[in-house]
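Asker: Sequence plus predicted model, see below.
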Amino acid sequence: MKKICHLFLAFSTLTLSLSAQSMRDYSSSAWFKNTTEVIHSQLNKAAETYQPGKNPRSINPDGTIRLAGLTDWTTGFFPGTLWYGYELTGDKVLAEKAKIFTLALDSIRNIKNTHDVGFMLFCSYGNAYRITGDRVYLPVLADGAANLYARFNPKVGTIRSWDWLHYPVIIDNMMNLEYLYWSANQFKNPKYAAAASTHALTTMKNHFRKDYSSYHVVDYDPQTGKVLRKMTHQGVTDDSAWARGQAWGLYGYTMCYANTKNPQFLKQAKNIASFIMNHPRMPKDKVPVWDFDVHNAMDTDVPAPRDASAAAVIASGLLDLSTQVKDGKIYFDYAEDILKSLSSDAYLAKPGENGYFILKHSVGAFLYNSEIDTPLDYADYYYLEALKRYASIKKI
């Protein structure tokens, strides 16, 4: 604890001057400009503090930093955040650091026991290749995509998430389909895209309730494809609406529509968006508590913890959706409200604080007393992605 405190004090005296060459002009939106300055400061300090291959994931209750190693499902988010930070600020130092932290994840190409290789590699190596066009990133991306596709079972019609239970599929898996759509095109392998679309259709059939809220986990019989159980691993109950799970679904189906133009996916995305945006237990600042159905979701005396990570994913998904439909303003405006909330003092860290994470107040796994009311690496990642999408739409 003392070591961390000393580290904070050492860096709290540092300031970063943002030159005209390294910082774009965001003067048209004061909140956006301030946010980008905070991002620039925090990411530079984080890149100087943490070691490649041991990426910052969250802050432990005792104030120490929880690190993500090579097999941690979140390990690709910090390099990806550095890449987005480079895009938002133009600071080439961040690009250099992003490359170093990305290349340190090379051995993930050999991991075969999880669907999370999408998070681990596409958020890091995928962004690296998208931004730089450097083909050095392609072999790792090719191997990872092959391993992700190998987890697809045609009998079930989904990609297996975990290697326990019978054949579990989690709503989070919708996010990793983007890796397969991209790989199908990049590596000229259409079976990847076919598997991704089949997974999305099967998930649409079995994961969603009549109100378009989602179960977290559906466990299948791998031999017949029969649904054995619908349950949760993260939400307050099997039948509740775990906030980040709803965000994964919104983002995932919007992305699937963007890649396929299948109207079923667009309809699903819009229905999920409606469920989220019109939920009676959505707080006024549009940053949800960790589960919409938790008993103290709307309490003012002892409120349930907010989940900034869910809000960030929702904002990014809604901004994407706003560009896919004619009536996109309703989605853009809602996402803008979320971003302004996250960019306020209530959620945005002050430079030099918060372990150099950008956002405060996220929830990892409440039921397991893990990462409650703490920064999270994926909250930062999707927040920066949303800011980049916002800037692109607004042309700022």
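Answerer: That came in fine, so what should we check first?
Asker: So Asp219 sits against Trp162, correct?
Answerer: No. Using CB atoms under 8 Å as the test, Asp219 is too far from Trp162 to be in contact (9.8 Å). Where C-beta positions appear, they are placed from N, C-alpha and C, glycine not excepted.
Asker: hey, what's in contact with both of the two?
Answerer: Here Asp219 and Trp162 share the contacting residues Pro168, scored by CB atoms under 8 Å, 6 or more residues apart in numbering.
Asker: Which pLDDT value belongs to Lys270?
Answerer: For Lys270, the model assigns a pLDDT of 98.
Asker: you'd agree it is up against Val325?
Answerer: Yes. The pair Lys270 and Val325 qualifies as a contact (CB under 8 Å) at a distance of 7.3 Å.
Asker: okay, these two: which has more neighbours?
Answerer: Lys270 (20 against 16; other CB atoms under 10 Å).
Asker: Please, which helix or strand holds the more buried one?
Answerer: helix 263-277 (DSSP states H and E).
Asker: Would you mind writing the CA trace of that helix as CSV?
Answerer: Output of helix 263-277 as CSV, limited to C-alpha atoms (Å, rounded to 0.1, in the frame of the first residue of the first chain):
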residue,chain,number,x,y,z
PRO,A,263,-32.4,-6.9,-40.8
GLN,A,264,-33.0,-9.4,-38.0
PHE,A,265,-29.9,-8.1,-36.3
LEU,A,266,-30.9,-4.5,-36.6
LYS,A,267,-34.4,-5.2,-35.2
GLN,A,268,-32.8,-7.0,-32.3
ALA,A,269,-30.4,-4.2,-31.6
LYS,A,270,-33.1,-1.6,-31.6
ASN,A,271,-35.3,-3.6,-29.3
ILE,A,272,-32.4,-4.1,-26.8
ALA,A,273,-31.7,-0.4,-27.0
SER,A,274,-35.4,0.4,-26.2
PHE,A,275,-35.2,-1.9,-23.2
ILE,A,276,-32.1,-0.1,-21.9
MET,A,277,-33.1,3.4,-22.7
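Asker: chain center to the following helix or strand past it: distance?
Answerer: Later in the chain than helix 263-277, the nearest helix or strand by DSSP H and E is helix 308-322. Centroid separation for helix 308-322 versus its chain: 9 Å, with CA atoms, centre = their mean, to the nearest Å.
Asker: and helix 308-322, average pLDDT?
Answerer: 99.
Asker: what's it packed up against?
Answerer: On a contact count with 3 or more CB pairs under 8 Å, 6 or more residues apart in numbering; DSSP states H and E, helix 308-322 meets helix 243-260, helix 263-277, helix 329-342, strand 362-365, helix 377-394.
Asker: Deepest in the core, which of those is it.
Answerer: helix 243-260 (a mean of 26; mean count of other CB atoms under 10 Å).
Asker: got the angle for that helix vs helix 308-322?
Answerer: 30 degrees (axes from the mean of the first three to the mean of the last three CA atoms, to 10 degrees).
Asker: Packing partners of helix 243-260?
Answerer: By 3+ CB pairs under 8 Å, 6+ apart, helix 243-260 packs against helix 177-186, helix 190-206, helix 263-277, helix 308-322.
Asker: Using CSV, list the CA coordinates for the last one.
Answerer: It refers to helix 308-322. Output in CSV follows, covering the C-alpha atoms of helix 308-322 (Å, rounded to 0.1, in the frame of the first residue of the first chain):
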residue,chain,number,x,y,z
ALA,A,308,-19.4,2.7,-15.6
SER,A,309,-18.2,-0.2,-17.8
ALA,A,310,-21.8,-1.0,-18.8
ALA,A,311,-22.5,2.6,-19.5
ALA,A,312,-19.4,2.9,-21.7
VAL,A,313,-20.3,-0.2,-23.7
ILE,A,314,-23.9,1.1,-24.1
ALA,A,315,-22.6,4.5,-25.3
SER,A,316,-20.3,2.9,-27.9
GLY,A,317,-23.0,0.6,-29.1
LEU,A,318,-25.6,3.4,-29.4
LEU,A,319,-23.3,5.6,-31.3
ASP,A,320,-22.7,2.8,-33.8
LEU,A,321,-26.4,2.1,-34.0
SER,A,322,-27.1,5.9,-34.6
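Asker: Show me where the stretch 1-150 of the chain dips below the pLDDT cut-off.
Answerer: The model of the stretch 1-150 of the chain has pLDDT under 70 over residues 1-28.
Asker: quick one: the strands in it?
Answerer: Secondary structure of the stretch 1-150 of the chain (DSSP state E, counting those that start in this stretch): strands at 55-59, 65-68.
Asker: neighbouring contacts of the last one?
Answerer: If I follow you right, that is strand 65-68. 4, 50, 54-60, 74-75, 77-78, 355, 371, 377.
Asker: Over to the first one?
Answerer: With contacts defined as CB under 8 Å, 6+ apart, strand 55-59 is touched by 46, 50, 65-68, 72, 74-75, 77-79, 101, 354-357, 362, 364, 371, 374-377.
Asker: same thing with stretch 256-263?
Answerer: Stretch 256-263 has contacts (CB under 8 Å, 6+ apart) with 174, 177-178, 181, 193, 196-197, 200, 265-266, 269, 320, 324.
Asker: and what of stretch 265-277?
Answerer: Residues contacting stretch 265-277 (CB under 8 Å, 6+ apart): 200, 204, 208, 211-214, 241, 246-247, 249-250, 253-254, 256-257, 282, 288, 314, 317-318, 321, 324-325, 330-331, 334.
Asker: could you redo the helices and strands packed on helix 243-260 as JSON lines and give each row distance to Met120?
Answerer: Listed next are the helices and strands packed on helix 243-260 as JSON lines, based on distance: least, CB to CB, whole Å:
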{"stretch": "helix 177-186", "distance to Met120": "10"}
{"stretch": "helix 190-206", "distance to Met120": "17"}
{"stretch": "helix 263-277", "distance to Met120": "25"}
{"stretch": "helix 308-322", "distance to Met120": "17"}
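Asker: Please consider this matter closed, and thank you.
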